[in-house]
Each structure stands twice: as C-alpha cells, then as structure tokens.
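Asker: Here is a sequence together with a model predicted from it:
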Amino acid sequence: MSEPEPSQVVLRAQRGDRDAVEALVRRYLRPAYLVALSVVRVPVDAEDVAQEAVAMAMQQLESCREPARFPAWLMANVRNRALNKLAATKVRARYADTVLREEGVANDSERLLLREALLAALEVLTPQQREVVLLHDLEGWTHPEIALALGLSEANSRQVLSVSRRALRVALQRTEEVS
Amino acid sequence: MNDERIDLSALDPTWRPRRWEALVQRTLVAARPEPLWLAVSRRRSLVAALAAVALLSWLPAVLTRESPVEPAKTTDPALALLEYSRSGDVLAVLESTHGR
C-alpha cells in the first residue's frame, strides 16, 4: 500500500485525527532534526529544537493554510527556532558538551569520533548547504522534495548539493590528513 | 565526483532506536492540544485588554446611576398610624388593609 499524500495527512491532522498527527511526527521529526542540526550543529540541541518545533507545529496546525506546502511551513518553523536556540547558546564548548549531555554514548566512541569529524567538516558549509546535503544524502529526499521544503528551485537544489559535496569532501580529506 | 552520495550515517539520529523513539514519544505528548486554561493563559494580554474594555464600558454606567430611593415603608400599621396622627391623611395602605 502506498503512503498517503502528505497534504491528505495534514488535512486529517487539522481535523483532529490523532493517528494523522502521529504519522506527521514520525515522518517529519527526522528531517526537522537535520534542519535543526544544520543550524545549531549540536546533536542534543538539534533534538530539543526538533521536538519543540514539531510539537508546536502540530498544536498550531490550523495556521498552515496550504497543506501541500506543509514541509516548507514546518522547516521554516524549525529553522527559526534553531536560530533562536543558536543565539541563546552562542558561546559554548560545543563538542565536549555534546558528548557529556548524551547518555550511554561512551561505548560507541568510534562512531562518535566519526560523527564529530563530520560535524566539524560540515562547518565549512553554509546552513542552507548543510540542509541540502543532509536532507539528500542522509534523509534520502529527492530534489523536488528539498526544493519544496527549502524554497529553492530544483536546479538550485542540485547545484547546492554538488558544491556542498565538493567542499565537504575537501574538508573531510583535511581532517583525515590531520589525524 | 560530486554525484556520489557522502556517507553521513554517523549523523543519523535514529542509530540508537530507543533514544529516538523516546524523542518521538516526547514530541507526541508535547503535540497534544493544549487545555483551555493554558490556551487562555497564553493569550493573557488579549484577556487583559478585553477585561479593561469591559471595565471601562461598565464604569460610567455605575458612576452615573442614581441610587435607588427606598420607598417609604407604609405597610407597617404602627408607622401608618403614626403618619396618620401627624398628617391626618388616611394612607392607601390603611384603606386597603384595614378599611374593609
């Protein structure tokens, strides 16, 4: 059975269907996390932002007037909240803090090191480049989906992805050489 | 080659499924519609403004209202008799209650 159209799910959720709300949360929490991570660059902060933004969006779903544009509406909310969070926690010992605040991560240090290397490499990109590369290469969104959610043209999305990958590869190579 | 996907799986937040599911559950709980009292308290400024308008529209009516004058009690037979002894008028109430 194919997945229902997002706009249909949004309409059902707007009518108070709790199953539809849960479907939206499960479908969009991870992309929301990735967009938040693109801005705040701290995984635990990105979790907080994604949770708050998605929950708030579900409570204010009636203000999403175009259900077909729900991803763009949600991601704009996530980005705004992430920027507020970033402004509030501007000065922070980011990486050590991140690890300390996550429970049970000590026994997966190799993965953590890789994650920190990726986060450091992502620093060379702009927030929008990070959003595109994370949504495409990690979330598996297509260019039309990214274009709709981020307010870009499809051609622009492709171009941003290509430039971002090139810059990211260079940054990762440098990290490898240093280590 | 920039057409190849970069392996970013180390950034995948769902790599620890239990932690991720806990986040999903927290989000679902927080996504529940807010109770009415909370919705009202969130709109405190609106409620305060409406209360101020209501008060301002009600206050002049209260201030300019004449205080009602209690009509003289004439149903008490002793008072009626006293009044009669003073003025000599037969009060209506005496006529209605005792004049039959």
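Answerer: Good, I have the coordinates.

Asker: what about A:R166, neighbour count?
Answerer: 12 (other Cβ atoms under 10 Å in any protein chain shown). Bear in mind the C-beta positions are built from the backbone N, C-alpha and C, glycine included.

Asker: Check which helices and strands the helix or strand it falls within sits against.
Answerer: Assigned by DSSP states H and E, A:R166 falls within helix A:154-178. Helices and strands touching helix A:154-178, by 3 or more Cβ pairs under 8 Å, 6 or more residues apart in numbering or on different chains; DSSP states H and E, are helix A:109-122, helix A:127-137, helix A:143-150.

Asker: List the buried residues for the first one?
Answerer: Yep, that's helix A:109-122 we're talking about. A:112, A:114-122 (16 or more other Cβ atoms under 10 Å in any protein chain shown).

Asker: what angle do the helix or strand that contains A:R26 and helix A:109-122 make?
Answerer: Using DSSP H and E, A:R26 falls within helix A:18-40. Between helix A:18-40 and helix A:109-122, the angle comes out at 70 degrees (axes from the mean of the first three to the mean of the last three Cα atoms, to 10 degrees).

Asker: For chain B, tell me whether helix A:18-40 is touching it.
Answerer: Yes - Helix A:18-40 reaches chain B (Cβ under 8 Å from any Cβ of the partner chain) through A:21-22, A:25-26, A:29-30, A:33-34, A:37.

Asker: What of stretch A:118-125?
Answerer: Yes - using Cβ under 8 Å from any Cβ, stretch A:118-125 reaches chain B at A:118-119.

Asker: is stretch B:10-28 up against chain A anywhere?
Answerer: Yes - using Cβ under 8 Å from any Cβ, we find that stretch B:10-28 touches chain A at B:10-16, B:19, B:23-24, B:26-28.
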